[in-house]
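Asker: model the structure of this input:
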Amino acid sequence: VQLVQSGGGMVQPGGSLRIACAASEFPFSSYDMTWVRQAPGKGPEWVSEIKAGGDRTYYADSMKGRFTASRDNAKNTLYLQMNSLKPEDTALYYCGRVQPGRAYDYWGQGTQVTVSS
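Answerer: Okay, the predicted model is just below:
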């Protein structure tokens with residue numbers, strides 16, 4: 001299983017970024033996927049989950065209306081579009097695979113998102 005992330009970077013408050021997670025070595029379209037973030041000095045925070053078919057998405061309350069998770073199963077790629085970014089969104093963002101038993105078993109390498117003026 002490989003999850004390779006790309007995108008991210010630094011943006012001013014109110015700006016937008018998109019991060020991607022390219023999956024390989026497993027049947028991507030059969031798995032729910034998740035995004036989790038970790039801010040400096042804090043524990044992990046769940047961001048979003050998207051079902052295997054891409055038809056259902058779930059978000060943490062603080063991200064609703066600003067973040068959009070999507071996936072392209074033909075390209076084996078997961079995306080997180082982040083709009084109206086705030087300084088408190090600064091964190092390392094990780095994509096993860098969701099096991100049928102709801103545990104997370106594999107993670108991407110992490111992508112830094114920094115929101116600062």
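
Asker: hey, let's count contacts and neighbours off CA atoms from now on
Answerer: Noted.

Asker: hey, where'd the strands end up in the protein?
Answerer: 2-7, 9-11, 17-24, 33-38, 44-50, 57-59, 67-72, 77-82, 91-98, 104-107, 111-115 (DSSP state E).

Asker: just say which of these is most tucked in.
Answerer: Each of the strands of the chain was scored by mean neighbour count; the highest is strand 91-98, a mean of 24, by mean count of other Cα atoms under 10 Å.

Asker: remind me which residues of the chain are low pLDDT?
Answerer: Filtered on pLDDT under 70, the chain yields no residues whatsoever.

Asker: which residue is nearest the centroid of it?
Answerer: Residue closest to the average C-alpha location in the chain (Cα atoms, centre = their mean): residue 35, at 3.3 Å.

Asker: need the contact list for that residue.
Answerer: The contact partners of residue 35, by Cα atoms under 8 Å, 6 or more residues apart in numbering, come to 46, 47, 48, 49, 80, 93, 94, 95, 96.

Asker: that one pairs with what?
Answerer: residue 48, residue 95 (DSSP bridges).

Asker: then residue 82?
Answerer: Where residue 82 sits in a bridge, its partners, by DSSP bridges, are residue 17, residue 67.

Asker: was I right to think it contacts residue 20?
Answerer: No: counting by Cα atoms under 8 Å, residue 82 sits too far from residue 20 to count as a contact (11.3 Å).

Asker: quick one: end-to-end length of stretch 31-51, please.
Answerer: 7 Å (Cα to Cα, to the nearest Å).

Asker: now find how far off-centre it is within its chain.
Answerer: Chain-centre distance of stretch 31-51: 6 Å, with Cα atoms, centre = their mean, to the nearest Å.

Asker: residue 2 versus the nearest residue to residue 5 once chain neighbours are set aside, what's the distance?
Answerer: Of all residues not flanking residue 5 in the chain, residue 21 sits nearest, at 4.3 Å (Cα to Cα, 6 or more residues apart in numbering). To residue 2, residue 21 is 10 Å away according to Cα to Cα.

Asker: what touches both of those two?
Answerer: Joint contacts of residue 21 and residue 2 (Cα under 8 Å, 6+ apart) are residue 108.

Asker: many thanks, have a good one.
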